[in-house]
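>>> Fold the stuff below for me.
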Amino acid sequence: MKNTVSTLLKQKQSGEKITMLTAYDYTTARIMDECGVNSILVGDSLGMVMLGYENTLPVTMEDMIHHTRAVARGANNAFIVADMPFMSYQASVREAVLNAGRLIKEGGANAVKLEGGAEVCEQIRAIVNASIPVVAHLGLTPQSVNVFGGFKVQGKSADKAKKLIDDALMIQEAGACAVTLEGIPAKLAEIITAKLFIPTIGIGAGNGCDGQVLVYQDMLGLTVGHTPKFAKRFADIGELMRKGITDYISEVKNGTFPSEEHTYSIDEDVINEIVKEYE
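From the prediction side, this is the model:
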């Protein structure tokens, strides 16, 4: 069954946890969809895990549309959310609506996600009025990395915690269908989740949220270097890939691959005829 805004809301109301993972390509999206994940996020995190950037800021609309289109072809049932990249919605409400429309029309997304609270409520309201579902993003918002001075936990002081609660209520009033809570204390995330009627999706925000999202490279052991504290490794696919690639290199070099079972045959009479002709 296709996951939608309505089905995700029903999951919150019934207490059934929502599952979300990132994906950036057809093959990965197809596997996740077959496993039954509720939602796939085509995150601007692709800038770091797929394109090798230091942060998400260089990601373009063309990058997001390209990867979202691939994911949409692979996922039939998951609710596909596409990130709006840096400066695709901040400059003006008109640009925000036009770019959101591109992610839906050209990318095949079911919803768009943008970062911020009170300062983006006008954009959220306009995008929703254009019949495009919006997922908001509060807490550690990666596009604000230069303002935060790095990837740091947010909402630890009373003033900042109150602002996050107020922002969550404002983005809900503006029409957001869900909100991602990233890098905030678990108790604060529980308070926000209880106050909202829209689903909260946590990443580094504890298990009191209505659902969870992880970058799939983190949870499958494909990340090189630092891995966030909240990113549990559910499998070590990276090590399996290294072994497979190393074994491949070894067998090619020593001549054991390809073996007869991986080789096409031809009738000996045909070979003899060809050899005789070219002698």
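
>>> Tell me the secondary structure at Arg102.
helix (DSSP: H, G, I helix; E, B strand; the rest coil).

>>> OK, contacts around it?
Met61, Ile65 (Cβ atoms under 8 Å, 6 or more residues apart in numbering). Backbone N, C-alpha and C define where each C-beta goes, glycine included.

>>> if we go to 10 Å?
Met61, Glu62, Met64, Ile65, Thr68, Ala82, Met84, Ser88, Ala109, Val112 (Cβ atoms under 10 Å, 6 or more residues apart in numbering).

>>> Helices - which of those land there?
Among the contacts of Arg102, the members found in helices (DSSP state H) are Met61, Glu62, Met64, Ile65, Thr68.

>>> Buried ones among these?
Neighbour-count burial (16 or more other Cβ atoms under 10 Å) applied to the ones in helices among the contacts of Arg102 gives Met61, Met64, Ile65, Thr68.

>>> give the contact list for the last one.
Neighbouring residues of Thr68 by Cβ under 10 Å, 6+ apart: 23-24, 29, 40, 42, 46, 80-83, 102-104, 106-109, 112.

>>> hmm, 6 Å instead?
Going by Cβ atoms under 6 Å, 6 or more residues apart in numbering, Thr68 touches Val42, Ala82, Gly107, Ala109.

>>> Spatially, what comes nearest to the last one if we skip its sequence neighbours?
With Cβ to Cβ, 6 or more residues apart in numbering as the criterion, Ala109 has its nearest non-adjacent residue at 3.8 Å, and that residue is Ala82.

>>> Please apply the same query to Leu220.
The shortest distance from Leu220 to any non-neighbouring residue, by Cβ to Cβ, 6+ apart, is to Ile237 (4.3 Å).

>>> wouldn't the one you found be in contact with Gly221 here?
Yes - shown here, Ile237 and Gly221 form a contact pair, counting by Cβ atoms under 6 Å, at 5.5 Å.

>>> Now do the buried residues in stretch 189-196.
Ala189, Glu190, Ile192, Thr193, Leu196.

>>> same question, stretch 216-236
Buried residues in stretch 216-236 (16+ other Cβ under 10 Å): Tyr216, Gln217, Asp218, Met219, Leu220, Gly221, Leu222, Thr223, Pro228, Phe230, Ala231.

>>> quick one: contacts for the last one?
Applying Cβ under 6 Å, 6+ apart, one finds that Ala231 lies in contact with Asp218.

>>> how close does it get to Cys209?
15 Å (Cβ to Cβ, to the nearest Å).

>>> Provide the contact partners of stretch 103-121 at residue level.
So stretch 103-121 is contacted by 65, 68-69, 72, 79-84, 89, 100, 132-135, 137-138, 141, 143, 167, 170-171, 174 (Cβ under 6 Å, 6+ apart).

>>> Mark which of those residues are buried, thanks.
Neighbour-count burial (16+ other Cβ under 10 Å) is assigned, among the contacts of stretch 103-121, to 65, 68-69, 72, 79-84, 89, 100, 132-135, 137-138, 141, 143, 167, 170-171, 174.

>>> Inside strands: which ones of these?
Phe79, Ile80, Val81, Ala82, Asp83, Val134, Val135, His137, Leu138 (DSSP state E).
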